[in-house]
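Novice: Show me how the following folds:
(chains A and B)
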There are 2 protein chains.
Amino acid sequence: MGSHFITGGAGFVGVNLVRRLLADGENVVVVDDLSRGRIEFLASFEGHSNFAFRRADCSNANVLLGVMREFNNHVDHVWHLAANSDIPVGIADPRIDLERTFLTTFGVLAAMRAIKADYLHFASSSAIYADFKDVEIYEDIAPLEPISNYGAMKLASEAQIRAAVEAYLPRADIFRFPNVIGTPATHGVIFDFVRKLKATPERLDVLGDGSQQKAYLHVDDLVNAMIHVSQLGGRYKVFNIGPSDSGITVKTIAETVRDRVSPNATIAYGEGNRGWVGDVPRFRYSVQKLISTGWTPTLGSDAAMRHAIDEILRQETASRCRR
Amino acid sequence: MGSHFITGGAGFVGVNLVRRLLADGENVVVVDDLSRGRIEFLASFEGHSNFAFRRADCSNANVLLGVMREFNNHVDHVWHLAANSDIPVGIADPRIDLERTFLTTFGVLAAMRAIKADYLHFASSSAIYADFKDVEIYEDIAPLEPISNYGAMKLASEAQIRAAVEAYLPRADIFRFPNVIGTPATHGVIFDFVRKLKATPERLDVLGDGSQQKAYLHVDDLVNAMIHVSQLGGRYKVFNIGPSDSGITVKTIAETVRDRVSPNATIAYGEGNRGWVGDVPRFRYSVQKLISTGWTPTLGSDAAMRHAIDEILRQETASRCRR
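Specialist: Numbering: from 1, shown residues only, chains lettered A, B, ... in the order given. Model prediction:
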């Protein structure tokens, strides 16, 4: 049984990782500043004897050290998920990505160094890769030219971690996340479409022309992949995580959500194949390296999307009932 | 005639760039916090009507904006050279690299965005590449896994700049510097050997076994290359800069300095082929891309080293006379 610190543990992926680790009998401490994570997402873990939550800014190594000291510096694994996950917000104000995505990595590394913690698992992103058009993106592709500030700060974090492994950190995993879907949802294309159609059942406005094609992974598969990689040997491991298909278009998602939520709605597309500055219209993501280690996703992009729509609709109904 | 802001302009490369730009009839404003740069290096430019110096911390965008406002926001080019160039210091305390190498880039970008400045020229480093052994390192090699915190913060800076070009910055050059030698020298292998032999003429202690082999470029060639690249077209350009040879060993440098300074000294080598954590024992650096644009270095590694020894000996004699 190990002791796990999860930064950003009150966020979408974090909550799912906490659930899995607790189910596996592990000790879990969530550290989250609640800037994007939500305390209510952790409600179901409250009172669990292996679970603790501390509200803290992970960019401050001393604050993080204070939390670790509370737990007698007993930290086997740090899962560093804290980040600003809202790409457009980070483009408007780069300081958000700097502080929440990059400086949290800096703080986590400094704290781990101080207590000689062993193993860092880092949630990086396919956004580090930029726009390779139809070229399949494998881990060692080049050049790495992130076109969003979010991707830049994730790449910057990877670089810091790599240098830390050289100097003092015993082990690190770099997970390059794809688009991840599921619940608890707070943003993302499916969530947006559901919310929009609930608000205006007759019309769904889509950013861009709908031709953007991306791969989507269900969060359960993502968490499985993270645990799987953490059990492989190796001092510094870098893995793309994603489904093994080439993805689905925004048009497919829009139509599927429309059919489930408001079948008579008109879908109004925008122009161009980018939803926003820094959006990548389409990419092919290779997960061959991960699959070669024995992992397989249970859901492809289309099935994951349909499953996530169900979950998000349940979430939205439940949240309406609570109001 | 353009207006040039040079961050870190009181440092080794900066001073040489200032001299060149002033000789070309350009306006130059040096911004430097003097943490590593030295005011006396700028002495020969004092009173030049096209030259100004402001002491400022470039990681603070508002301070930088204040300086730019003084010059009516007339900034055509920013040459961002400010950085912590002492790799071991950054490994001992990563905050130094964070603040001086990474956050200065953040500050420069924020200031440039605010005044809509046009063109950023960034001093990156071959340290972003890590250890590729005998594989020739060209710009698009992968993976990029910097093994020093200095290299990590340079790579992190590149990532930021790339994202800025996508979002708002009209133009940027990324210069990946090699080992650069010449004067005014404040650190580096030649400088260290000269100083050591002046202190103990009978013995020269060398970090590592002397087998490390690196390419060295003279600073005059470096500045030529930077100006050359800045005159090429293109929105985002990435270039390795270096001599076209495969370099010289530390042993060769030690023996050459010994022969010049103290011919009877014994050279005592250390163990291993790394001078310090994060040092790369040997790499082959491709400058084919730069050479294909019409640039050629005037001095190879060996000639540059011999020339730099002369210059450093003159510098040391002059500084002794001034005391």
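Novice: Contacts for stretch A:49-62 next, please.
Specialist: Identification of contacts with stretch A:49-62 by C-beta atoms under 8 Å, 6 or more residues apart in numbering or on different chains yields A:7-10, A:18, A:22, A:25-34, A:39, A:42, A:45, A:63-64, A:66-67, A:70-71, A:80, A:82, A:99-100, A:103-104, A:106-108, A:110-111, A:114. Using the backbone N, CA and C atoms, a C-beta is placed for each residue, glycine as well.
Novice: sec struct for the residue in chain A sticking out farthest from the centre, please.
Specialist: Ranked by distance from the centre of chain A (C-alpha atoms, centre = their mean), the top residue is residue A:264, with 33.0 Å. What DSSP: H, G, I helix; E, B strand; the rest coil gives for residue A:264 is coil.
Novice: Tell me who's in contact with it.
Specialist: Here residue A:264 is in contact with A:201-202 (criterion: C-beta under 8 Å, 6+ apart).
Novice: What residues does the stretch 101-250 of chain A have near chain B?
Specialist: A:102, A:106, A:109-110, A:128, A:130, A:139-149, A:151-153, A:155-157, A:159-160, A:162-164, A:166-167, A:236, A:238 (C-beta under 8 Å from any C-beta of the partner chain).
Novice: Filter the residues you listed down to the ones in helices?
Specialist: Judged by DSSP state H, helices contain the following of those: A:106, A:109-110, A:149, A:151-153, A:155-157, A:159-160, A:162-164, A:166-167.
Novice: Could you report the neighbour count for the residue nearest to residue A:298 when sequence neighbours are not counted?
Specialist: In this structure, residue A:298 finds its nearest non-sequential neighbour in residue A:221, 5.7 Å apart by C-beta to C-beta, 6 or more residues apart in numbering or on different chains. Residue A:221 has 22 neighbouring residues, counting by other C-beta atoms under 10 Å in any protein chain shown.
Novice: Give me the contacts around the helix or strand containing residue A:221.
Specialist: Assigned by DSSP states H and E, residue A:221 falls within helix A:219-230. With C-beta under 8 Å, 6+ apart as the test, helix A:219-230 has contacts from A:12-13, A:16-17, A:20, A:24, A:77, A:79, A:119, A:121, A:173, A:175, A:177, A:180-183, A:237, A:239, A:241, A:243, A:290, A:293-295, A:297-299, A:304.
Novice: Of those residues, which belong to helices?
Specialist: Per DSSP H, the subset of the contacts of helix A:219-230 in helices is A:12-13, A:16-17, A:20, A:290, A:304.
Novice: now the residues you listed as TSV including neighbour count and distance to chain B?
Specialist: As requested, these are exported to TSV (neighbours: other C-beta atoms under 10 Å in any protein chain shown; distance: C-beta to the nearest C-beta, whole Å):
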residue	neighbour count	distance to chain B
A:12	25	23
A:13	23	22
A:16	21	28
A:17	26	26
A:20	17	29
A:290	24	16
A:304	28	28
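Novice: Kindly indicate which of those lies nearest residue B:205.
Specialist: residue A:290 (47.9 Å; C-beta to C-beta).
Novice: For residue A:119, see how far away the residue nearest to residue A:298 is.
Specialist: Separation of residue A:221 from residue A:119 (C-beta to C-beta, to the nearest Å) stands at 22 Å.
Novice: Number of residues surrounding the residue nearest to residue A:11 when sequence neighbours are not counted?
Specialist: Nearest-residue entry for residue A:11: residue A:37, 4.3 Å, with adjacent residues in sequence omitted and distances by C-beta to C-beta, 6+ apart. Around residue A:37 there are 27 other residues, counting by other C-beta under 10 Å.
Novice: Let me know the secondary structure of residue A:37.
Specialist: Taking three-state DSSP, the label given to residue A:37 is coil.
Novice: any idea what sits nearest residue A:166, other than its immediate chain neighbours?
Specialist: Ranked by C-beta to C-beta, 6+ apart and with sequence neighbours excluded, the top spatial neighbour of residue A:166 is residue B:147, at 4.0 Å.
Novice: which intervals of the stretch 1-150 of chain A have sub-threshold pLDDT?
Specialist: Within the stretch 1-150 of chain A, the segments meeting pLDDT under 70 span A:1.
Novice: Tell me where it has strands.
Specialist: Under the criterion DSSP state E, counting those that start in this stretch, the stretch 1-150 of chain A contains strands at A:3-7, A:27-32, A:51-55, A:77-80, A:119-125, A:136-137.
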